[in-house]
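Trainee: compute the structure for the input listed below.
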Amino acid sequence: MKLLRSAITSLLTAAALVTATLALAAVAPPQPFGPLPTERQLRWHDMEFYGFLHFTVNTFTDKEWGYGDESETVFNPTDFNADQIVRTAKEAGMKGLILTAKHHDGFCLWPSKFTEHSVKHSPWRDGKGDVVREISDACRRAGLKFGVYLSPWDRNHKDYGRPAYLEYYRNQLRELLTNYGDIFTVWFDGANGGDGYYGGDRTTRRIDNRTYYDWPNTWKIVREKMPLAVMFSDAGPDFRWVGNESGIAGDPCWATMDMTKRDRHPGGSSVGLNSGEHPGTAWLPAECDVSIRPGWFYHAKDDARVKTPEQLLDIYYKSVGRGACLNLNLPPDRRGRINENDVRSLREFRRILDTTFAKDLARRAKLTASNVRGGASQFAAAKAVDHKRDTYWATDDQVATPELVLDLGKPAAFNVVSLREYLPLGQRVEAFALDQWQDGQWVEFAKGTSIGNRRLIRGAPLTTSKVRLRITQAAASPALSEFGLFAEPAGGPHQPTP
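Mentor: Numbers count the residues shown, from 1 in each chain. From the prediction side, this is the model:
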């Protein structure tokens, strides 16, 4: 009988454990809050850092904006090497490259069948060359994504400013989206008319940027041909301009915008673009575009004015580190390569970043959360330090201001804190603070507002045994997928040989 009772007790205990486990597993995740990112936007957020390639006749005429009357014979790189260009970007940590397939001058870097103003009339490769093909193929070989820039303004085309130009523009867009494999983004510039060659007319043509391009029907082509490609313009539809060309996002830099305002269209007002608007009506995160040189195209006179590794680091922390993506321009020179000075600076920049993020002090810390959603393991504090972006620490719905403590076990030095929200649930945190354990009490050392895709807090080195994150304001219960502590290498940047 004792054995029977013992067996029954064991079965009941096991059943209770199973019931408890199932109950924990059944804890519902938080409800999404506000505007949410699409699948294509989440893929874009994952990239964080990619590059621009400004390359065309301007490279050879020493201009930033070509007039449109440049001879096709001007374009003649002496040692074009797509693999060197792409390798440089990959070594810098970029996840993709966007090529200026056509800039404002109208010259096409592919042999478009809709114009004679292209590489097919260049002496380069005896008129058989295709820069778009070579760069896109090199990107695929290297495992980088490939995107295209197609300027809406065309200072060469005779019909610019007239309805016929839209048919031409869309035909070229279809060429690029059909013949060059997967495209991760189409970048639409905001430049909109002015003086130009216009097929020999040599006049000034103005357009109404709210109506002329009929953007919704142009965007439909991208959605049809390349459904997962994201599109850029001043106001989206997938990601927005940050409002400057210095690569600096606002603080805060919300991932949302109020798209009900009248001026929210490509080429419209830049008000609000730098900081975003919270909570907003649409998920429209910011891209920070900036060149490694003073200009967008290569100019030999700027060879000594390449941004230093420390300047690049500052831009990185103020772009990627504020929830935006960084689009850093690397202009090929007249050989058709990335200049050695640019390569040197990029390599040192990458060395510092790799060294900084090689070791996460939080990974082995003991974590204590003031609240865990439903007490469930899938929302435990440990999910914030497992280096997985699809898991997260979450709290009960009524808990909007929780705390998370990292106990490092012994004093450790760091100067960078990394935070991420779980983006499929929206941008929820509105303010936070960070404390260090000092002389037997908590002392605040940093605070901020938006977190979003990533928030990097970079400051002077400090040494402590415990760090506390306090969410001080949230529109909904927080969902945090990363809380990391990192240390930049001592000694600062040095200049290795290329």
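
Trainee: break this structure down into its structural domains.
Mentor: 39-356, 361-486 (automatic domain parsing).

Trainee: mind putting these in CSV, mean pLDDT, distance to Ala26 and mean neighbour count included?
Mentor: Backbone N, C-alpha and C define where each C-beta goes, glycine included. Shown next, in CSV, are those (pLDDT from 0 to 100; distance: least, Cβ to Cβ, whole Å; neighbours: other Cβ atoms under 10 Å):
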stretch, mean pLDDT, distance to Ala26, mean neighbour count
domain 39-356, 97, 26, 20
domain 361-486, 98, 9, 19
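
Trainee: can you give me the helices for the stretch 151-300 of the chain?
Mentor: 163-179, 215-225 (DSSP state H, counting those that start in this stretch).

Trainee: tell me what the longest one is packed against?
Mentor: When you say that, I think you mean helix 163-179. Here helix 163-179 touches strand 145-150, strand 185-187, helix 215-225, going by 3 or more Cβ pairs under 8 Å, 6 or more residues apart in numbering; DSSP states H and E.

Trainee: can I get it in CSV, CA atoms only?
Mentor: Below are the C-alpha coordinates for helix 163-179, written out as CSV (Å, rounded to 0.1, in the frame of the first residue of the first chain):
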residue,chain,number,x,y,z
PRO,A,163,5.1,63.0,-69.0
ALA,A,164,7.2,61.0,-71.5
TYR,A,165,10.1,61.0,-69.1
LEU,A,166,8.2,59.0,-66.5
GLU,A,167,7.9,56.1,-69.0
TYR,A,168,11.6,56.3,-69.7
TYR,A,169,12.5,56.4,-66.0
ARG,A,170,10.2,53.4,-65.2
ASN,A,171,11.6,51.4,-68.1
GLN,A,172,15.1,51.8,-66.7
LEU,A,173,13.9,50.9,-63.2
ARG,A,174,12.5,47.7,-64.6
GLU,A,175,15.8,46.9,-66.3
LEU,A,176,17.7,47.2,-63.0
LEU,A,177,15.1,45.1,-61.1
THR,A,178,15.0,42.4,-63.8
ASN,A,179,18.5,41.8,-64.9
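
Trainee: picking that back up, nearest to Pro489, of the helices and strands packed on helix 163-179?
Mentor: Closest approach to Pro489 among the helices and strands packed on helix 163-179 is made by strand 145-150 (29.2 Å; Cβ to Cβ).

Trainee: taking helix 163-179 as reference, get the angle to the closest one.
Mentor: Taking axes from the mean of the first three to the mean of the last three Cα atoms, to 10 degrees, one finds that strand 145-150 is oriented at 170 degrees with respect to helix 163-179.

Trainee: direction included, what does strand 145-150 pair against?
Mentor: Paired neighbours of strand 145-150 in the sheet (DSSP bridges): strand 96-102 (parallel), strand 185-187 (parallel).

Trainee: what's in contact with the first one?
Mentor: Spelled out, that is strand 96-102. Outside of strand 96-102, the residues within contact range by Cβ atoms under 8 Å, 6 or more residues apart in numbering are 47, 50-56, 85-86, 89, 108-110, 131-132, 135-136, 139, 144-151, 154, 172, 176, 184-185, 187, 327.

Trainee: try the shortest one
Mentor: Outside of strand 185-187, the residues that reach it under the criterion Cβ under 8 Å, 6+ apart are 44, 96, 98, 145, 147-150, 173, 176-177, 222, 226, 229-232.

Trainee: re the thing from before, make JSON lines from the helices of the stretch 151-300 of the chain and add distance to Tyr298 to it.
Mentor: JSON lines is the format used below for the helices of the stretch 151-300 of the chain (distance: least, Cβ to Cβ, whole Å):
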{"stretch": "helix 163-179", "distance to Tyr298": "23"}
{"stretch": "helix 215-225", "distance to Tyr298": "29"}
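
Trainee: point out the one among the ones you listed that comes closest to Pro29.
Mentor: Evaluated over the helices of the stretch 151-300 of the chain, closeness to Pro29 peaks at helix 215-225, with 29.2 Å, by Cβ to Cβ.

Trainee: picking that back up, who wins for proximity to Gln31 among the domains of the chain?
Mentor: Among the domains of the chain, domain 361-486 comes nearest to Gln31, with 7.5 Å by Cβ to Cβ.

Trainee: tell me which of the domains of the chain lies nearest to Ala28.
Mentor: domain 361-486 (8.0 Å).

Trainee: end to end on the closest one, go ahead and measure it.
Mentor: End-to-end distance of domain 361-486 (Cα to Cα, to the nearest Å): 6 Å.

Trainee: skipping adjacent residues, who's closest to the residue most central in space within the chain in space?
Mentor: In the chain, the residue lying closest to the centroid (Cα atoms, centre = their mean) is Cys325, at 2.1 Å. The shortest distance from Cys325 to any non-neighbouring residue, by Cβ to Cβ, 6 or more residues apart in numbering, is to Glu287 (5.1 Å).
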